[in-house]
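Trainee: this one's structure only:
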């Protein structure tokens, strides 16, 4: 039976690849690990305990993709295309088709969202700027057929079904179109890239984050609006701004520029906003990530890591004093960085040798270095292990994805 199962898996991967579903990752198999703040059950260990070191979630080793949120929750997709969620369910964002109630507010163990064709990222695609699933006050996920589904809060048209208001959706709602490739969100605003390289945004336009050359924070769009251009490659929404790369390796930003977080080498006191994309110097950017606290990070194709913006809790990894601000990209030591991810007041980075590093605030053990906190780290410190594959960061917690021997 084992051989038949493996043959089926191979045929399934082959069929999906031929169909053009490059995000299908049947061979990306590994265990799921979590640590940090467990207050809402978001570490998924069936309790509300904080963990200062990585702890495996269950015994399954067939997880293919992960996502987390600043709103105390997480999600994972396995190699069967099943989507599982956990944590807080205040707006129905866990996709369980239930009305909110105190007794069902949070789940401390994974619960399945209906369906078995949810897409996951390949190893090369992985990064918060190339997500096929994203959680904030909403959850958004792409299926293997290229359809995009959203659920959760809809106050500013976040569900993109041409309606807005206080209604929340606790089951997936389809966004028009069948060629969605990547998705990103930040609470009240959301955006996605299609396979043709077009970029679309919807939701609340705070700070011009819709990138439609309008500043009104009170304007909400309940259907996708196209951002000019057809060569967009990655997209990352933060709490206050947005970063995106193009196929030519350029990196662009827009939204609030608090503390110089847009990387435009402007005065640290600049508090303006940009409602259209502005380029950050350089042409070999691989990944650009917007943070949750006026910070940003990016990796170049040469393996160098760069950070800028607000340095609260040492989250920029520059070995600088608390709350220093940098308005242009500054390099973090090392040339073998693979990916970088932001969490609240901290960052995580993976290297090409499979090591995992963290820096910033260690509240609730969020850095995963076997220290309960609240010690700050202003330079990268290694989390034990050398076979880490993927990591994402949430609100004072993190979910790491790894294959371990």
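Mentor: Perfect, thanks for sending it. Bear in mind that the values here come from a model prediction, so they are computed numbers and not experimental data.
Trainee: wait, isn't residue 371 in contact with residue 361?
Mentor: No - with contact defined as Cβ atoms under 8 Å, residue 371 does not reach residue 361; the gap is 11.7 Å. Backbone N, C-alpha and C define where each C-beta goes, glycine included.
Trainee: for residue 96, give its distance to residue 201.
Mentor: In this view, residue 96 and residue 201 are 28 Å apart by Cβ to Cβ, to the nearest Å.
Trainee: tell me where the model's unsure across the stretch 201-350 of the chain.
Mentor: By pLDDT under 70, the low-scoring segments of the stretch 201-350 of the chain are 215-218, 267-271.
Trainee: would you map the helices across the stretch 51-200 of the chain?
Mentor: Shown for the stretch 51-200 of the chain, no helices are assigned by DSSP state H, counting those that start in this stretch.
Trainee: re the thing from before, which of residue 96 and residue 201 has more neighbours?
Mentor: residue 201 (24 against 18; other Cβ atoms under 10 Å).
Trainee: give me the nearest residue to that one, chain neighbours excluded.
Mentor: Distances taken as Cβ to Cβ, 6 or more residues apart in numbering place residue 191 nearest to residue 201, at 4.0 Å, with adjacent residues excluded.
Trainee: what pairs with the one you found across the strands?
Mentor: Beta-bridge partners for residue 191, by DSSP bridges, are residue 184, residue 201.
Trainee: ditto for residue 150
Mentor: With DSSP bridges as the criterion, residue 150 is bridged to residue 140, residue 173.
Trainee: how near is the nearest residue to residue 190 once chain neighbours are set aside to residue 222?
Mentor: Distances taken as Cβ to Cβ, 6+ apart put residue 203 closest to residue 190, at 5.1 Å, once the chain neighbours are dropped. Distance, residue 203 to residue 222, by Cβ to Cβ: 8 Å.
Trainee: common neighbours of the two, please.
Mentor: Counting by Cβ atoms under 8 Å, 6 or more residues apart in numbering, the common neighbours of residue 203 and residue 222 are 156-157.
Trainee: the two - which one has more neighbours?
Mentor: Neighbours per residue, other Cβ under 10 Å: of residue 203 and residue 222, the larger number sits with residue 203, 30 against 17.
Trainee: please give the element, helix or strand, for the more buried one.
Mentor: Using DSSP states H and E, the element containing residue 203 is strand 199-204.
Trainee: and that strand, what other elements does it pack with?
Mentor: strand 189-194, strand 220-227 (3 or more Cβ pairs under 8 Å, 6 or more residues apart in numbering; DSSP states H and E).
Trainee: save those as TSV, and put in distance to residue 180 too.
Mentor: Below are these laid out as TSV (distance: least, Cβ to Cβ, whole Å):
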stretch	distance to residue 180
strand 189-194	5
strand 220-227	10
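Trainee: and these, which is most packed in?
Mentor: Neighbour counts (mean count of other Cβ atoms under 10 Å) averaged over each of those peak at strand 189-194, with a mean of 26.
Trainee: can you give me the angle that strand makes with strand 199-204?
Mentor: Using axes from the mean of the first three to the mean of the last three Cα atoms, to 10 degrees, one finds that strand 189-194 and strand 199-204 are set 160 degrees apart in direction.
Trainee: which residues touch the residue nearest to the spatial centre of the chain?
Mentor: The residue lying closest to the centre of the chain (Cα atoms, centre = their mean) is residue 128, at 3.7 Å. Listed by Cβ under 8 Å, 6+ apart, the contact partners of residue 128 are 184, 236, 289, 341-342, 392.
Trainee: now do the SS call for residue 342.
Mentor: Here residue 342 is strand, with the state taken from DSSP: H, G, I helix; E, B strand; the rest coil.
Trainee: neighbours around it, how many?
Mentor: When neighbours are counted by other Cβ under 10 Å, residue 342 registers 27.
Trainee: follow-up on the earlier one: tell me how far the residue nearest to the centre of the chain lies from residue 290.
Mentor: In terms of Cβ to Cβ, residue 128 sits 8 Å off from residue 290.
Trainee: just give me the neighbour total for the residue nearest to residue 164 when sequence neighbours are not counted.
Mentor: Excluding the flanking residues, the one nearest residue 164 by Cβ to Cβ, 6+ apart is residue 157, at 4.0 Å. For residue 157, the count of nearby residues is 22 (other Cβ under 10 Å).
Trainee: do residue 281 as well
Mentor: Residue 281 has 12 neighbours, counted by other Cβ under 10 Å.
Trainee: centre of the chain to stretch 189-204, how far?
Mentor: 15 Å (Cα atoms, centre = their mean, to the nearest Å).
Trainee: ends of it, what's the gap?
Mentor: End-to-end distance for stretch 189-204: 5 Å, by Cα to Cα, to the nearest Å.
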